[in-house]
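**Student:** Can you look at this prediction? I've put the sequence above it.
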Amino acid sequence: MPTFDTIRQDSDARELIRKIQKAIAFLAPKSVDLPDTLFSGAGTLIDLKTAGWLPIGIVTPDGYEFGRDISKEDVTALGYASPVRSDITEVARTVTMTPLETGRKHMLELTYGTDLSAVTQSATTGEIVFDEPDLPVGAEYRLLIIGSDGPAAENWILGRGYGSVKLASTDSQKWGTGDPVQQPLTFDVFTDSEVGVPVKHYIGGTGALVHKTTLGFTAGT
């Protein structure tokens, strides 16, 4: 007869506790396809730069926060203290990050909601001058965030792909000696008509192969 400890030992899987040690994020125009897979082969990730993805760059230690705010409607009934039915009516998804790099053209276009394709850099002084519009025109982008955890023999690659995101808010920017120039960004997530879903999740790497039995998915052919 099993004891509590043997049941726990058989149920718990410490190897599935993940902590993202490193992560990278990319933006792309809607003309770029969201990848069906992050891998081009065993241990090799796809070439995102060649595919048209643009890096967001270094972010603060807070990393990337994925918000998921669920709204629901309850049905109450006579004689029942608890709802007799509950339905999810809305799931508002957001992604928040604080980039630390300053000056990337596509990030300035994102932040200020303007087209900088006609802006040039002085060959003599290196200066770039552009105007911030009174009313930003926010474009929708694709967003891909990839995280890595664990050594090479048990490396986990986790990813989140968003078919359509739009900048929802930016916090204040401060110039001073205490902190680097930074500006938190929050994206709203939409269900893209081409992708068909709001978020595509990726789990892979050598760790997923080593612990495939624990993960519980049927092996592909």
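**Tutor:** On my side now, so go ahead. If you're wondering where the values come from, they're calculated on a predicted model, not measured in any experiment.
**Student:** can you map out the strands along the protein?
**Tutor:** All strands of the chain, identified by DSSP state E, fall at 22-28, 39-41, 44-45, 54-55, 65-75, 85-97, 140-149, 156-170, 185-190, 199-204.
**Student:** I'd like the distance from the fifth one to the chain centre, please.
**Tutor:** Distance of strand 65-75 from the chain centroid (C-alpha atoms, centre = their mean, to the nearest Å) equals 19 Å.
**Student:** Name every strand pairing with it and say which way it goes.
**Tutor:** Using DSSP bridges, the strands paired with strand 65-75 in its sheet are strand 85-97 (antiparallel).
**Student:** Quick one: work out the angle between the partner strand and strand 156-170.
**Tutor:** 90 degrees (axes from the mean of the first three to the mean of the last three C-alpha atoms, to 10 degrees).
**Student:** now the closest residue to Leu34 other than its chain neighbours: how far from Ala168?
**Tutor:** The shortest distance from Leu34 to any non-neighbouring residue, by C-beta to C-beta, 6 or more residues apart in numbering, is to Gly161 (4.7 Å). Quick note: C-beta positions are derived from backbone N, CA and C, even for glycine. Taking C-beta to C-beta, to the nearest Å as the measure, Gly161 falls 19 Å from Ala168.
**Student:** do Lys30 as well
**Tutor:** Relative to Ala168, and taking C-beta to C-beta, Lys30 is found at 17 Å.
**Student:** any low-confidence regions in the protein?
**Tutor:** Within the chain, no range satisfies pLDDT under 70.
**Student:** mind redoing it with 80?
**Tutor:** Scanning the chain for pLDDT under 80 picks out 221.
**Student:** Quick one: residues contacting the spatially most central residue of the chain.
**Tutor:** The residue lying closest to the centre of the chain (C-alpha atoms, centre = their mean) is Ile145, at 4.1 Å. Taking C-beta atoms under 8 Å, 6 or more residues apart in numbering, we find Ile145 in contact with 23-26, 64, 95, 159-160.
**Student:** between these, which is nearest Val181?
**Tutor:** Using C-beta to C-beta, Ala25 is the member of the contacts of Ile145 that sits closest to Val181, with 18.3 Å.
**Student:** wait, doesn't Arg142 sit right on Ser31?
**Tutor:** No - contact status for Arg142 versus Ser31: not in contact, 9.0 Å apart, counting by C-beta atoms under 8 Å.
**Student:** who's more crowded, these two?
**Tutor:** Applying other C-beta atoms under 10 Å to Arg142 and Ser31 shows that Arg142 carries more neighbours, namely 24 against 7.
**Student:** With the flanking residues excluded, which residue is spatially nearest to that one?
**Tutor:** Ala28 (4.4 Å).
**Student:** mind checking how far that neighbour is from Ile88?
**Tutor:** Distance from Ala28 to Ile88, counting by C-beta to C-beta: 30 Å.
**Student:** what do you get for Gly63?
**Tutor:** Distance from Gly63 to Ile88, by C-beta to C-beta: 27 Å.
**Student:** With neighbour numbers in mind, choose between those two.
**Tutor:** Gly63 (15 against 9).
**Student:** The residue lying closest to the more buried one once chain neighbours are set aside: neighbour count?
**Tutor:** Nearest residue to Gly63, sequence neighbours excluded (C-beta to C-beta, 6+ apart): Ala23, at 5.9 Å. Residues near Ala23, counting by other C-beta under 10 Å, number 16.
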